[in-house]
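Asker: This is a predicted model, with the sequence first.
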Amino acid sequence: GVSWGVSHHSSRRSVRMRTCYGCCGTYLYFFFLFCIYATIATVLVITGNGYRIDIGTFLADTHPYLWGVLGIAIAISFSVVGAAWGIWITGSSILGAGVNAPRIKTKNLISIIFCEAVAIYGIIMAIVFASDFKQMTFGLGAKGTTLANSYDGRFIPEDVFAGYSMFGAGLTVGISNLACGICVGIVGAGAACADAQDANLFVKILIVEIFGSAIGLFGLIIGIIQVERAKMGTVV
């Protein structure tokens, strides 16, 4: 009774410590982030540059190339993270369950293929985004000479639209593929364990896995629609 009480108390304490560490770690991260932003804002105010703390000016003066490159980075990096995460989850389950049931190793590799397809989606969209980068003008040279073509700002509105479109499409594709990779990995791990116990369950769970992999395809389609009219710069 005493040993059980000590082990039970230790288990609850370890769970509480892990939970507290995760919670406090999140708060600590945002606290450091807030301190960095507050320090930058304070320095700008002290040096007489407080007028530069303007979100509208930041969005208007940021080069569209930056938004496009960020969209490419988010699309490919989140997709690769989702694929790697899914392969890690389902691969470890296939190897573990394959010890007792070696027959499951070959056919359950389809789960690895589904996870790898998530990274391929990100590569495809990165190539699509990169093909939209063209030479562009900005500053005074980009100003229109007629009233119909005149505008305020440093960049041509079509180029700004293209940069925002690539950034938004990158978020759409990246986050969708991240969720898709994790989903396929967890379902694939369950398929491997279920197949090790009963071979008749593999096809049934595979249907669930196919629907899970469609999430990334949805993000890919919407990303293509978002950048369909985004043409940055002029063809040279």
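Answerer: Cool, got the structure. Numbering: from 1, shown residues only.

Asker: Do you have the helices of this structure handy? List them.
Answerer: Taking DSSP state H as the test, the helices found in the chain are 2-46, 55-61, 64-100, 104-107, 109-130, 157-197, 201-226.

Asker: any idea which of the ones you listed is most buried?
Answerer: helix 157-197 (a mean of 23; mean count of other Cβ atoms under 10 Å). The C-beta positions use only the backbone N, C-alpha and C, and glycine is treated the same way.

Asker: Output the contacting helices and strands for it.
Answerer: For helix 157-197, the elements it packs on are helix 64-100, helix 104-107, helix 109-130, helix 201-226, judged by 3 or more Cβ pairs under 8 Å, 6 or more residues apart in numbering; DSSP states H and E.

Asker: quick one: which of these is nearest residue 34?
Answerer: helix 64-100 (22.1 Å; Cβ to Cβ).

Asker: Any idea how far that closest one is from the middle of the chain?
Answerer: 9 Å (Cα atoms, centre = their mean, to the nearest Å).

Asker: Ignoring the adjacent residues along the chain, who's closest to residue 67?
Answerer: residue 163 (3.5 Å; Cβ to Cβ, 6 or more residues apart in numbering).

Asker: how about that neighbour, what does it touch?
Answerer: With contacts defined as Cβ atoms under 8 Å, 6 or more residues apart in numbering, the neighbours of residue 163 are 63, 64, 65, 66, 67, 68, 232.

Asker: Verify the contact between the third one and residue 132 for me.
Answerer: No - under the criterion of Cβ atoms under 8 Å, residue 65 lies out of contact with residue 132, with a separation of 10.8 Å.

Asker: got a list of what the closest residue to residue 174 other than its chain neighbours touches?
Answerer: Spatially, and ignoring its direct neighbours in sequence, residue 174 is nearest to residue 78 (3.1 Å; Cβ to Cβ, 6+ apart). Applying Cβ under 8 Å, 6+ apart, we find residue 78 in contact with 122, 173, 174, 175, 177, 178.

Asker: Can you lay out those residues as CSV showing distance to residue 51 and pLDDT?
Answerer: Below are the contacts of residue 78 laid out as CSV (distance: Cβ to Cβ, whole Å; pLDDT from 0 to 100):
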residue, distance to residue 51, pLDDT
122, 39, 90
173, 36, 93
174, 34, 93
175, 34, 93
177, 40, 93
178, 38, 93
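
Asker: For the residues you listed, which two are the farthest from each other?
Answerer: 122 and 175 (11.1 Å).

Asker: pLDDT below threshold where in the protein?
Answerer: Low-confidence segments of the chain (pLDDT under 70): 1-26, 52, 136-153, 233-236.

Asker: Could you rerun that using 90?
Answerer: 1-38, 40-68, 91-111, 125-164, 188, 190-217, 226-236 (pLDDT under 90).

Asker: about what we covered before: quick check: neighbours shared by residue 65 and residue 132?
Answerer: residue 232.

Asker: about what we covered before: any figure for the gap between the residue nearest to residue 67 and residue 73?
Answerer: 13 Å (Cβ to Cβ, to the nearest Å).

Asker: Equivalent analysis for residue 202, please.
Answerer: For residue 202 relative to residue 73 (Cβ to Cβ), the value is 37 Å.

Asker: Am I right that residue 167 is in contact with residue 69?
Answerer: No - between residue 167 and residue 69 there is no contact under Cβ under 8 Å: 9.1 Å.

Asker: Once you drop chain neighbours, what's closest to residue 217?
Answerer: Using Cβ to Cβ, 6+ apart, the closest residue to residue 217 is residue 121 (7.3 Å).

Asker: who's in contact with that neighbour?
Answerer: Applying Cβ under 8 Å, 6+ apart, the residues near residue 121 are 79, 173, 177, 216, 217, 219, 220.
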